[in-house]
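**Q** Pasting a predicted model and its sequence here:
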Amino acid sequence: VRLAAALLLALVLAVPAAASERHPTLGELEGQVMCPTCKTTLDQSNAPIANRIRQFISARIAAGDTESEIKAKLVAQFGPAILAEPSKHGFNLLAWVLPFVALGVGAAVVGWLVWRWSRGRRQSAVPAGGPPIDPELERRVDEELARFDG
Amino acid sequence: VTWSLKHGLQALTVAVVLGLLALLIWKVVHQDKGVKLGGGRTPPAPEFALSRLDAPGKLKLASLRGKVVVLNFWASWCAPCKTEAPRLEAAWQRYRARGVVVLGVDGQDFSGDAKRFIRKHGITYPNVHDGPGDIGTKYGVTGFPETYFVDRRGRLIGDRVVGEVSADKLTAGIRRALES
């Protein structure tokens, strides 16, 4: 379980890392960069600074910058809050790790509840064969059945 | 074992919920709403040390203690900032000999754009760059431009001027700060 969790976490962190070395399009970055005055992503804003940042990104794409290079230049100008997603360093790493921890804890709790429920059902089930039948009752049932068959 | 496990889980759930609630309350209480002005209040002007746009190095507000500071928050993309720039320059030229400094704080802006703006409008008063806008938040800036007056003891005097500052408001603010 621990190995699976580690692999999952590595995958989560590695996919964006690989993507950051690509040459992005403006449309891709518009959803990942914030407009500093309106606190929405660029694709949701027509504020003057949002238009200026779009213009800057287009110029950097044309100059051949990678995604991480463009983001680094924006962070140097506006600080880390310019990025829509938190960085994967220091305290912000918690934002990436905690959802998976919560998912793991939730899965463990659900697993435990299912196990407890199924064990409870097994214990309360009637034993195989059922309780012993009264010989007199068995005799009467046999008679009734014989009469019914006859 | 089942009983203690059940109660342990309940306690954990309550603890997590209480923890999240405490975080929310802490965030709301510690949200920076900026300094409160008006009503005769003279709170200390929040300190800062920001990179200069007109010269190398940083400028600390504390280094201007003993002078009256006209603190103007602006951005190169803001239209009223262009209109008020000549008024601020005129006030700087007129009052600098009396110990008044006009200090521009360019926020939420590219430093290159800000430098071009300074050159284009012939601004000679000092300017600093507050890219993330954090210092503006400390002062309670809600938009650009906004102007504050700091007296010789580093206290904010009078009310802020929201929007384009008129020559009259500029003169009145400077005089009030000089007299305080």
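**A** Good, I have the coordinates.

**Q** Name the nearest residue to the residue in chain A positioned nearest to chain B, sequence neighbours excluded.
**A** When scored by CB to the nearest CB, chain A has A:Gly79 as its residue closest to chain B, at 3.2 Å. Backbone N, C-alpha and C define where each C-beta goes, glycine included. Excluding the flanking residues, the one nearest A:Gly79 by CB to CB, 6 or more residues apart in numbering or on different chains is B:Pro132, at 3.2 Å.

**Q** Spell out which parts of chain B neighbour chain A.
**A** With the criterion set to CB under 8 Å from any CB of the partner chain, chain B comes near chain A through B:2, B:5, B:9, B:75, B:77-78, B:108-111, B:113, B:131-134.

**Q** For ChimeraX, write the selection for the buried entries among the residues you listed.
**A** Listed next is the ChimeraX selection for buried residues among the residues of chain B next to chain A, using 16 or more other CB atoms under 10 Å in any protein chain shown:
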select /B:75,77,78,108,109,110,111,113,131,132,133
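
**Q** by contact count, what packs against the longest helix seen in chain B?
**A** Among the elements of chain B assigned as helix by DSSP state H, the one spanning the most residues is helix B:2-29. Helices and strands in packing contact with helix B:2-29 are listed as helix A:93-124; criterion 3 or more CB pairs under 8 Å, 6 or more residues apart in numbering or on different chains; DSSP states H and E.

**Q** Give me the buried positions along the helix it packs on.
**A** Neighbour-count burial for helix A:93-124, with 16+ other CB under 10 Å as criterion, is recorded at A:Trp96.

**Q** where's it relative to the chain centroid, distance-wise?
**A** Taking the mean C-alpha point of helix A:93-124 and that of its whole chain, the gap between them comes to 15 Å (CA atoms, centre = their mean, to the nearest Å).

**Q** quick check, it touching chain B?
**A** Yes - using CB under 8 Å from any CB as the criterion, contacts between helix A:93-124 and chain B involve A:Val109, A:Trp112, A:Arg116.

**Q** how much does that helix deviate in direction from helix B:2-29?
**A** Taking axes from the mean of the first three to the mean of the last three CA atoms, to 10 degrees, one finds that helix A:93-124 is oriented at 160 degrees with respect to helix B:2-29.

**Q** Now do the next helix-or-strand element following helix A:93-124: distance to the chain's middle.
**A** The C-terminal neighbour of helix A:93-124 among helices and strands, as given by DSSP states H and E, is helix A:135-149. For helix A:135-149, the separation from the chain centroid amounts to 63 Å (computed by CA atoms, centre = their mean).

**Q** Okay, and the nearest residue to A:Lys73 once chain neighbours are set aside sits in which element?
**A** If you skip the residues right next to it in sequence, A:Lys73 has A:Arg60 as its closest partner in space, 6.7 Å away by CB to CB, 6+ apart. According to DSSP H and E, A:Arg60 maps onto helix A:48-62.

**Q** Please name every helix or strand in contact with that helix.
**A** Judged by 3+ CB pairs under 8 Å, 6+ apart, helix A:48-62 is in contact with helix A:26-30, helix A:67-78.

**Q** Closest to the centroid, which residue in chain B?
**A** Of all residues in chain B, the one closest to the mean position by CA atoms, centre = their mean is B:Gly136, 3.1 Å from it.

**Q** ok, that one - contacts?
**A** Shown in contact with B:Gly136 (CB atoms under 8 Å, 6 or more residues apart in numbering or on different chains): B:Phe73, B:Val105, B:Gly107, B:Gln108, B:Asp130, B:Glu146.

**Q** Would you mind measuring from it to chain A?
**A** Counting by CB to the nearest CB, to the nearest Å, the gap from B:Gly136 to chain A is 10 Å.

**Q** Then that residue would be within a helix, right?
**A** Yes - under DSSP: H, G, I helix; E, B strand; the rest coil, B:Gly136 falls within a helix.

**Q** which stretches of chain B have low pLDDT?
**A** By pLDDT under 70, the low-scoring segments of chain B are B:1-2, B:31-32.

**Q** which SS class is the residue in it that chain A sits nearest to?
**A** The minimum distance from chain B to chain A, using CB to the nearest CB, falls at B:Pro132 (3.2 Å). Of the three states, B:Pro132 takes coil according to three-state DSSP.

**Q** isn't it right up against A:Thr37?
**A** No - using CB atoms under 8 Å, B:Pro132 is not in contact with A:Thr37; the gap is 11.6 Å.

**Q** Give me the common contacts of these two.
**A** Each of B:Gln108 lies in contact with both B:Pro132 and A:Thr37 under the rule CB under 8 Å, 6+ apart.

**Q** which residues in chain B form helices?
**A** Under the criterion DSSP H, helices of chain B are mapped to B:2-29, B:79-95, B:111-120, B:134-139, B:167-179.

**Q** Quick check: which of the ones you listed is buried the most?
**A** Per residue and on average, the most neighbours among the helices of chain B fall to helix B:134-139, with a mean of 19 (mean count of other CB atoms under 10 Å in any protein chain shown).

**Q** Confidence-wise, which helix or strand of chain A is lowest on average?
**A** Between all helices and strands in chain A, the lowest mean by mean pLDDT, DSSP states H and E belongs to helix A:2-19, at a mean of 59.

**Q** Poorly predicted segments of chain A, please.
**A** Residues of chain A that meet the criterion pLDDT under 70 lie in A:1-21, A:87-92, A:125-130, A:150.
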